[in-house]
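curious how this folds, go ahead:
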Amino acid sequence: MGERVDQIAKVPEVKQSNSNFRVRRTKRLQSMDTPVDRILYLQRTAGNQAVSRLMKSGALQTNLRIEQPGDVYEQEADRVADAVMRMLEPEVRRQAEEEEEELH
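Just a heads-up that it's a prediction; the model follows:
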């Protein structure tokens with residue numbers, strides 16, 4: 001677990017010689033007046049980095065693949081669809097009808 005925390009905490013160093021970058025960054029940081037703004041900025045940054053790592057690891061499928069007919073996923077989808085279609089619709093009964101049946 002310690003390794004994972006270290007990996008998340010590491011921020012890649014980006015060397016920018018462009019002074020415009022520093023000016024824009026300073027203005028952006030100055031615009032984060034409230035703690036909420038800082039937290040949202042951190043959340044966006046960390047979230048984007050996490051998604052980037054997932055994309056690079058191959059854990060996320062960026063392009064849909066068309067598999068062969070009858071593959072495992074298609075079979076599972078067909079099984080679930082069949083089960084849903086076989087489900088009985090619940091009967092809707094008025095409470096008055098139930099009370100009348102109890103009296104008879």
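
look at residue 75 and report its pLDDT.
Looking at residue 75, its pLDDT is 92.

okay, and it sits in which element?
helix 72-86 (DSSP states H and E).

elements contacting that helix?
Packing contacts for helix 72-86, counted by 3 or more Cβ pairs under 8 Å, 6 or more residues apart in numbering; DSSP states H and E, involve no helix or strand. In short, each C-beta sits where N, CA and C put it, glycine included.

check what contacts it and list those residues.
Here helix 72-86 makes contact (Cβ atoms under 8 Å, 6 or more residues apart in numbering) with residue 67.

now that helix - C-alpha only, PDB.
The C-alpha trace of helix 72-86 is given here as PDB (Å, rounded to 0.1, in the frame of the first residue of the first chain):
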ATOM      1  CA  VAL A  72     -18.600 -15.000 -23.900                       C
ATOM      2  CA  TYR A  73     -19.900 -11.500 -23.500                       C
ATOM      3  CA  GLU A  74     -22.600 -11.900 -26.200                       C
ATOM      4  CA  GLN A  75     -23.700 -15.200 -24.500                       C
ATOM      5  CA  GLU A  76     -24.000 -13.400 -21.100                       C
ATOM      6  CA  ALA A  77     -26.000 -10.600 -22.700                       C
ATOM      7  CA  ASP A  78     -28.400 -13.100 -24.300                       C
ATOM      8  CA  ARG A  79     -28.800 -15.000 -21.000                       C
ATOM      9  CA  VAL A  80     -29.700 -11.800 -19.100                       C
ATOM     10  CA  ALA A  81     -32.000 -10.600 -21.800                       C
ATOM     11  CA  ASP A  82     -33.800 -14.000 -21.800                       C
ATOM     12  CA  ALA A  83     -34.200 -13.900 -18.000                       C
ATOM     13  CA  VAL A  84     -35.600 -10.400 -18.100                       C
ATOM     14  CA  MET A  85     -38.100 -11.300 -20.800                       C
ATOM     15  CA  ARG A  86     -39.300 -14.400 -18.800                       C
END
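
flag every buried residue along the helix of greatest length in the chain.
Criterion DSSP state H: the longest helix present in the chain is helix 35-57. Counting neighbours by 16 or more other Cβ atoms under 10 Å, one finds that helix 35-57 has no buried residues.
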